[in-house]
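**Q** What follows is a protein structure lacking sequence information:
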């Protein structure tokens, strides 16, 4: 029987075949930015969904069914406005991640997140679904330009 190079063989020393991660400051910073960025995005989205429900029930205190429908509508808009930038801007964001240094793009995306977070906090403070949805969409746009979801980790650390 012909043995091809792709044939699996038993491993005698499993530690030699483990994937080794780059041991550099740049990789650690990138990994930290990925974790913090994803955490902030998802935390903001979940808090916004919770507050959308509260706003809907405040808008229609005597009509539970209408409040549920309004809450579902806010949730649908939040899902669309949060997901669509990742889909539409992924090709452009991926090419930027390949052309420019990742640390510059990550810094720019994180700096833009600060005014967006202020807009979101203002929307939370005045219970404005429009401001919260705007902040959510802008946060998704800023996050879609971060190289974390759009370019591989193994490039030039």
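**A** Sure thing, it's come through. None of these values were measured; they are calculated from a predicted model. Residues are numbered from 1 along each chain as shown.
**Q** and the spatially most central residue of the chain, what element?
**A** With distances taken as C-alpha atoms, centre = their mean, residue 38 lies nearest the centre of the chain, 4.5 Å away. If you go by DSSP states H and E, residue 38 is part of helix 25-59.
**Q** Which positions within that helix qualify as buried?
**A** Neighbour-count burial for helix 25-59, counted by 16 or more other C-beta atoms under 10 Å, picks out 30, 33-34, 37, 41, 44-45, 48-49, 51-53, 55-57. No exception for glycine: its C-beta is placed from N, CA and C like everyone else's.
**Q** which residues in the protein form helices?
**A** 25-59, 64-99, 102-125, 129-144 (DSSP state H).
**Q** Switch the ones you listed over to TSV; also include mean pLDDT.
**A** TSV is the format used below for these (pLDDT from 0 to 100):
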stretch	mean pLDDT
helix 25-59	82
helix 64-99	87
helix 102-125	85
helix 129-144	90
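**Q** Distance check, residue 139 against residue 67.
**A** Distance, residue 139 to residue 67, by C-beta to C-beta, to the nearest Å: 26 Å.
**Q** From the neighbour counts alone, determine which of these two ranks first.
**A** Set side by side, residue 139 and residue 67 show more neighbours around residue 139, with 25 against 19, by other C-beta atoms under 10 Å.
**Q** wait, what's in contact with the more buried one?
**A** 41, 44, 82, 113, 116, 117, 120 (C-beta atoms under 8 Å, 6 or more residues apart in numbering).
**Q** Next: residue 56.
**A** Contact analysis of residue 56 by C-beta under 8 Å, 6+ apart lists 67, 68, 70, 71, 74.
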